[in-house]
Structures are given as structure tokens and as C-alpha cells.
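[1] Got a predicted structure here, sequence first:
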Amino acid sequence: MEYLIKVENLKKKYHVKYAVNDISFNVEKGSIVGIFGKNGAGKTTLIKNLLGLTTPTSGAVNVLGVDPQKKRIWLRENIGYVPEQIFFHKNMKTKSIISLASSMYPNWDKEYEEKLVDLFELDIEKKVGDFSMGMVRQLSIILAFAHKPKLVFLDEPTANLDPVASSIVHSQIRYLAKEFSTAFFIATHLIPSIQDVINIFFFIDKGKIILNDSIHNVTENYAKIFVDNHSEKTNRFDDYTLKINNQSNKNYVITNNLTNWNQAYNTYDKYKIEKLDLLNLFLDAVQVTR
């Protein structure tokens, strides 16, 4: 099993507050990982630590086999990155920016670059200052994808994009992951639009990963089970029940193993069962840590 990202007990503190607080995880090659959280949850800070753009307070980070703090330039040549806030020189023509970027990446694929330009229908003769915010993001996507890196970090990749452009981004993420085993680490608020693209998710809140699993497991095994009262919920159901909403006063529990939960409690007919999508699971998960 080849891990492109290894994180162990990572902490990043600003003044008296931890933006990232004791996070550990691994990312395999070819994985498409979605990281979701509220504003200020720690998503962007986590990405900056993985890129070597900020120094961890403690813990260990390994990306593509190197310490990002020690191999920052090498790392930037071997990954793709689309930040949330994108800045280009407004007076430069798009083709000049692409040409400059291609000289910085040893594995730049000119044919794939041209394909992406055609897909987005970008006018490379235009200056970036004449572009809309969505077109600027499309350009940034091209620069991140065209050298077919092993690993791509995307911070709100489809912000300001219309549905057609968003669909192109999603299709190219799938293409690179399938054909070249590129791994993607995607931070976004747009859970419904990306849940059909990713295969792994992390929920982050107040700097901590509070839940992570595969999208397949959510689809197959996660559900709400509505119970008679709060006392029954807290006193009876422990096995196969997530401890993410026990502090709330809701009349349901959430299971991540519906088949075993039903077999254990013989509840096929007794309780109402409602399957969960990723967005509603996220809303339940973050509520208990408010």
C-alpha cells in the first residue's frame, strides 16, 4: 500500500488557539479525498501544513516521501495546487502564464494542457485581468492538472464555476485518478456536488477530524434510526451506533453498520429507518461540537 500523504499527531497553534489539533491520517495513491468543515474549522491550515507553507507546532508530516518543510521547492514541482484565493498578474496574457508554468514542471504535458484549454473554452490570447473569477479558477485548474502530478491539493476547486465548468473539473479529477493514480485532497463546502466524485471523506471541526470513512460505506451502511424517546436512545443502543450526536436532544441515533445494527437489535419493523447522504451526516456530526 503506497501512501502519498502521512500525517501523525499534527498540531498548528496560532496564539492561544489550535487551528489543527492532533490530526493523524494517511492518503493512498489514486484516492480522491474530500475534507469538509465549517468556516474556520482548519481545512486551509491543514493544506498549508501539507504544502510546507506554514510550520507545524508539533507532529510529523510526510508528502510524497519528503518533509514539506525541507523539500518545499521539489514538492511544488511534483504536486498540483489550486488555492482558495487565486492571484495572477492582471496584465499578463493567459498563454504567457501557461508558458511560464510549463517551464517550471518537468512533466508538463502540452497535449493535455491544450485539451484542458479546449474543454474550458478559454481564450488564451486574453489578459487575465479580462477574465471573470470563474475563468481565473479554470486557468488555475489547468496549471494544477497539466503536468499530471501524483498528488493535487484543491481548496474550493469549483468556487465561481458554472455547472458545465464544474462538471469538467470533476471528470478530469476522475480521469487523472483512474489513469495515473493521482491522489486528490479536496477542501470544499459544496458537499452535494462533490460527493459523487470523492471516495474518502474527512469531517473536520475545531481543528480535529471528528469522522472519516468511505463514501461507499456511507451509501451502504449509514442511517438514522428514529427511537421512541431520548432515554431509550442513550441507555439501550451502543453497538454499531456513532457517538456523534449523543449530546443532542434528537429522537434518533446514527449507525454506520445498518445490517449489523438491525441484526443486533431486531429492528426491521419496529423503528423508522432513514438512509443518510453525506451532507446530512455532516450536519449531524458538527452539531455536537458547537
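    Perfect, I can see it now.

[2] After the least confident helix or strand in the chain by mean pLDDT, which helix or strand is next?
    Counting by mean pLDDT, DSSP states H and E, the chain has its least confident helix or strand at helix 230-236, which shows a mean of 51. Next in sequence after helix 230-236, counting helices and strands by DSSP states H and E, comes strand 252-255.

[3] Isn't Leu139 up against Lys126?
    No: in this structure Leu139 lies outside contact range of Lys126 using C-beta atoms under 8 Å: 10.1 Å. In short, each C-beta sits where N, CA and C put it, glycine included.

[4] Give the residues shared as contacts by these two.
    Common neighbours of Leu139 and Lys126 (criterion: C-beta atoms under 8 Å, 6 or more residues apart in numbering): Thr94.

[5] Neighbour count for these two, which is higher?
    Leu139 (24 against 13; other C-beta atoms under 10 Å).

[6] the helices in the protein, which residues?
    Secondary structure of the chain (DSSP state H): helices at 43-51, 72-78, 94-104, 110-120, 133-145, 163-180, 191-194, 215-221, 230-236, 258-265, 278-287.

[7] Deepest in the core, which of these is it.
    Among these, ranked by average contacts under mean count of other C-beta atoms under 10 Å, first place goes to helix 43-51 (a mean of 23).

[8] Average pLDDT for that helix, rounded please.
    Helix 43-51 shows a mean pLDDT of 93.

[9] helices or strands up against that helix?
    With contacts taken as 3 or more C-beta pairs under 8 Å, 6 or more residues apart in numbering; DSSP states H and E, helix 43-51 sits against strand 3-14, strand 17-28, strand 32-36, strand 58-63, helix 72-78, strand 151-155, strand 183-187.

[10] Distance check, the residue lying closest to Glu220 once chain neighbours are set aside against Arg137.
    Spatial nearest neighbour of Glu220, excluding adjacent residues (C-beta to C-beta, 6 or more residues apart in numbering): Leu258 at 7.8 Å. According to C-beta to C-beta, to the nearest Å, Leu258 and Arg137 sit 39 Å apart.
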